[in-house]
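Q: build me a model from this:
(one chain, ligands or ions: 1)
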Amino acid sequence: MNVTLYMAVSANGFIARSDDSTPWSDEEWSAFLSEVNSVGNMIIGRRTYEKIASDTGFGEYGDATVVVVSHALSAGDITGITFVSSPEEALHFFEDKGFSEALIAGGATLNASFLKAGLVDRLVLDVEPRLLGSGFRLFSGEVPERDLRLDEVRNLSDQSVQLRYSVVK
Ligand SMILES: NC(=O)c1ccc[n+]([C@@H]2O[C@H](COP(=O)([O-])OP(=O)(O)OC[C@H]3O[C@@H](n4cnc5c(N)ncnc54)[C@H](OP(=O)(O)O)[C@@H]3O)[C@@H](O)[C@H]2O)c1
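A: Numbers count the residues shown, from 1 in each chain. Okay, here's the model as predicted:
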């Protein structure tokens, strides 16, 4: 299973403000949705799930299979969404479904869980032209140091770039 962690980040490394809002560009949003549709799935943490559910809902994600990692919520809480209790369980679920790729889509706590478990193969960062004052960083808390290899740089617009890395193992 090839696992990609995909995040929009401010130029100073925040993925959201303290109030959970995310001031990212339309180009970034389109690039993210296109990656989700291409992979066909995404894994999100319980707080990110609740934010999407209360903001836009999951309609924009089309046919993508959505898995939420949570100890507090469980299967049956909402139709069309699968709840699991660990990163490993999320990947087993996708393997059983025949996927060879999985996309981690935040937030900070879930990102750290996958990295600490050694389950991230690739990192895609859409770097937005903004400095945020406070909020959520790419990874919550302390994470192990990792070397990355820069595989590709894409321009999302004349203001935003996408950095595509492999995690050196
Ligand atoms: N910039 C971006 O691209 C982007 C993308 C997504 C989200 N975000 C932002 O990220 C913020 C949310 O991040 P967050 O760190 O607060 O929340 P989060 O990572 O979305 O969710 C945290 C929750 O996920 C569950 N979880 C995480 N790791 C787990 C593990 N190993 N085993 C079981 N459950 C696990 C736990 O749920 P339970 O408490 O239910 O056990 C935990 O409380 C929001 O502000 C959102 O806007 C930004």
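Q: residues touching the residue nearest the centre of the chain, list them.
A: Taking CA atoms, centre = their mean as the criterion, residue 105 is the residue nearest the geometric centre of the chain, at 1.5 Å. Counting by CB atoms under 8 Å, 6 or more residues apart in numbering, residue 105 touches 6-7, 32, 36, 42-44, 48. Just so you know, the C-beta spots here come from the backbone N, C-alpha and C atoms, and that holds for glycine as well.
Q: those residues also near the ligand: which ones?
A: 7, 44, 48 (CB under 6 Å from any ligand atom).
Q: quick one: which of those residues sit in strands?
A: 7, 44 (DSSP state E).
Q: ok, the ones next to the ligand among the contacts of residue 105 vs the ligand, which is closest?
A: residue 48 (3.3 Å; CB to the nearest ligand atom).
Q: surely the closest one meets residue 106?
A: Yes - contact criterion CB atoms under 8 Å: residue 48 and residue 106 qualify, at 5.0 Å.
Q: which neighbours do these two have in common?
A: With CB under 8 Å, 6+ apart as the test, residue 48 and residue 106 reach no residue in common.
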